[in-house]
Every structure is written in structure tokens, then in C-alpha cells.
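S.K.: make a model of this:
(one chain, ligands or ions: 1)
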Amino acid sequence: MANHASTKETKAGFVSLIGRPNAGKSTLMNSLLGENIAMVSQKANATRKRSNAIVMHNDTQIIFVDTPGLHEREKVLNQFMLDEALKAMGDCDLIVYLAPITDSIENYEKFLKLNNSKVKHIIVLSKIDQVSQDKLFKKILQYNQFSDNFEALIPMAIPKKIGHKDLLETISKMLPASPFLFDPEDLTSELVRDIYAGFIREGVFQNVSDEIPYESDVLIEKIYEEKNVDRIIATIIVEKESQKGIIIGRGGEGIKRIGKYSREKIEMLSGKKAYLDLQVVVKKGWSKDKSYLQEIGYTS
Ligand SMILES: Nc1nc2c(ncn2[C@@H]2O[C@H](COP(=O)(O)OP(=O)(O)OP(=O)(O)O)[C@@H](O)[C@H]2O)c(=O)[nH]1
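M.R.: A predicted model of the protein is given here:
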């Protein structure tokens, strides 16, 4: 009397990616997101407001929580990232500890001390393409002294795609049997928002002077989908009134160019016509403003 809907064995779980600056976390995430059916969701976990990057590997839904590199901003956000990363360590099914091959083993020992959660971890040694095989073996031997602590050690050369399959297979093995935790359809709409915001951000980068884009961000307020046309309402947030002026440009020329650039990209992706309603809003100190960050979903 098998219920056919539940016979397919799926797995799902939360994985946090921990590593010192420059370890290769963003590179790894981008590369995993690039080649798998992957989705990024800002609001998927409404109570924690963490970013989730979801990577599907066969019948496993791997949810990377709090993924660095998804937020590229500095200032206050960095502190949040750190706090959240520490929280994430105790609050997931698996930890991936990422260290460049040249990193001292002492950093791993520090991580072991810091990680007093009972969550299991695997080690990824990145940048193995930068050392000789001899050095790689020596380093693996050093880590092996701690083999009681970790579940697996995976050497990777991330840009060369060495080790990716091994990593995904290992993570899949370690996650619990579970139905998918995020509905792929919801995620797709989140992904679409992220991609559209990315196009508009690109439009800003392409069309205005260098210093503005770093102090601006784009928020997709609403997407009204109709059969042949999408209506998208979006806001470009800047720090200063003068930047707003530059973005809008003389007689609205700037904002028109940004709009045209991003609309064409959106239309290419959606295969439909797009109407883009772009506002520019000044929020002084937005990148340092905790309550504003909260409003747009960056903090818990
Ligand atoms: N050769 C080589 N370079 C790598 C590898 N992984 C990452 N890199 C490079 O290392 C640098 C740092 O990588 P990131 O992904 O920015 O590191 P991160 O851990 O996200 O750093 P933070 O954002 O500072 O926390 C980049 O220049 C990457 O291209 C690797 O396996 N091999």
C-alpha cells in the first residue's frame, strides 16, 4: 500500500559554510550556484531572515545558510555576517569548514575550540592548485591528526572545478532523509526578483559614475505578472541627494538609460514585454542603519 507520493527518498538540510576571510567561500558558493539548479532566497526563512542559497544535487536539497558573498556590502553588514555565521554554526545539519591549503593548522584548531555545537563538519581545503603535490600531502597529514573530529576532508581547486562533485556527494550523504524544505516554485520567484534586481544594479553600474554603485542598492518592490507583460516596480536606494540627481540625470536621461538597459535584459530573460517603474530614493546612511537593514530583510 505504498503511497506513491512518498516513495521517492529525498534528503534536505541546512549547511553552514565557515571560513576565514579569503578562504574562497564566495568563489565556492558562486560556483555551486552557477552550475546546479540553484536558488537564492532572502525571505525563505522569515524568522531568521538569513539568506539561503539552495543547491539541488540529485534528490538532495542542500540549503547553505547565511552564505557570505551573497551580501557584498561592508560596514555594519560585516558584523551581522560574523554574528550570524556563529549562530549558524550551531543551528544547522552540517558545517563545511573551508580553509586554503596554505592556511596554518592552528586556525583549524581554533575553529574546533569555537565550535562547541554537536554539529558534524567536513573540511574543504581550497586552492590546492597553488601548491605542489608534496605540500598537499603534508597538509593532509597534518589535518589527519584531527581525523576523529571531522567526517571528511575534500581538497578543491575551486575555479578549476576540482572537488565539486566530491563535495556535493559528501554533503548529500550526510544530510537527513527529509522532504524538500523549500518549495522550488517559491524559490524560483525569489530568484527572479534577485536576478531582476541584479540587472538594474548592472544598469546603474553601466550608466553612472563609479562611486555611486557602491553606495546604492536595488529593491524589487513588486512584480505583477500578466500573460504578455511583466510590470516591475523597483527602487534604487542611494546615500545622498546628489547621487539621486546623478542617477536621474539631466531631464531624466540617466534613469531612462538605466531603465532601458535593465528592461531589455529582463525582457530577454522572461521572453515577455516588461514595464519597469523605477524610483530613486535617498536613505542617508542606509548601509549603516540597522533598522533599515532590518526592514529590507538583512538582519534577524
Ligand atoms: N587558485 C585558487 N584561487 C582560489 C580558490 N578559491 C578561491 N580562490 C581565490 O581566492 C580569493 C578569495 O576568494 P573569496 O571567494 O573571495 O574568499 P571568501 O572566503 O569569500 O572571502 P571573504 O569574502 O573575505 O570572506 C579570490 O581571488 C578567489 O578567486 C582555489 O581553489 N584556487
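S.K.: which stretches of the chain have low pLDDT?
M.R.: Residues of the chain meeting the criterion pLDDT under 70: 1-8, 34-52, 66-90, 116, 184-191, 210-211, 213-214, 286-300.
S.K.: please enumerate the helices of it.
M.R.: Counting by DSSP state H, the chain has helices at residues 25-35, 76-89, 105-114, 133-144, 164-174, 184-207, 241-248, 253-270, 290-295.
S.K.: which among these is found nearest to the ligand?
M.R.: Closest approach to the ligand among the helices of the chain (Cβ to the nearest ligand atom): helix 25-35, 3.4 Å. Every C-beta, even on glycine, is put in place using the N, C-alpha and C of the backbone.
S.K.: thinking again about what came up before, TSV for the helices of the chain, including mean neighbour count?
M.R.: TSV is the format used below for those (neighbours: other Cβ atoms under 10 Å):
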stretch	mean neighbour count
helix 25-35	18
helix 76-89	17
helix 105-114	13
helix 133-144	13
helix 164-174	17
helix 184-207	18
helix 241-248	16
helix 253-270	18
helix 290-295	14
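S.K.: could you dump those helices to JSON lines with distance to the ligand?
M.R.: Listed next are the helices of the chain as JSON lines, based on distance: least, Cβ to the nearest ligand atom, whole Å:
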{"stretch": "helix 25-35", "distance to the ligand": "3"}
{"stretch": "helix 76-89", "distance to the ligand": "8"}
{"stretch": "helix 105-114", "distance to the ligand": "13"}
{"stretch": "helix 133-144", "distance to the ligand": "12"}
{"stretch": "helix 164-174", "distance to the ligand": "11"}
{"stretch": "helix 184-207", "distance to the ligand": "18"}
{"stretch": "helix 241-248", "distance to the ligand": "25"}
{"stretch": "helix 253-270", "distance to the ligand": "25"}
{"stretch": "helix 290-295", "distance to the ligand": "18"}
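S.K.: need these in CSV (columns: distance to residue 234).
M.R.: CSV is the format used below for the helices of the chain (distance: least, Cβ to Cβ, whole Å):
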stretch, distance to residue 234
helix 25-35, 22
helix 76-89, 21
helix 105-114, 40
helix 133-144, 47
helix 164-174, 34
helix 184-207, 6
helix 241-248, 13
helix 253-270, 8
helix 290-295, 16
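S.K.: looking at those, which is closest to residue 59?
M.R.: Nearest of those to residue 59, taken as Cβ to Cβ: helix 164-174 at 8.2 Å.
S.K.: would you mind writing the CA trace of the closest one as PDB?
M.R.: Extracted C-alpha coordinates of helix 164-174, given in PDB (Å, rounded to 0.1, in the frame of the first residue of the first chain):
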ATOM      1  CA  HIS A 164      32.900  19.900  -6.600                       C
ATOM      2  CA  LYS A 165      31.300  16.600  -7.200                       C
ATOM      3  CA  ASP A 166      33.000  15.000  -4.300                       C
ATOM      4  CA  LEU A 167      31.800  17.900  -2.000                       C
ATOM      5  CA  LEU A 168      28.200  17.600  -3.200                       C
ATOM      6  CA  GLU A 169      28.200  13.800  -2.800                       C
ATOM      7  CA  THR A 170      29.700  14.000   0.700                       C
ATOM      8  CA  ILE A 171      27.200  16.600   1.800                       C
ATOM      9  CA  SER A 172      24.300  14.600   0.300                       C
ATOM     10  CA  LYS A 173      25.400  11.500   2.200                       C
ATOM     11  CA  MET A 174      25.400  13.400   5.500                       C
END
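S.K.: tell me what that helix is packed against?
M.R.: strand 11-19, helix 25-35, strand 50-57, strand 60-65, strand 94-100, strand 121-126, strand 153-155 (3 or more Cβ pairs under 8 Å, 6 or more residues apart in numbering; DSSP states H and E).
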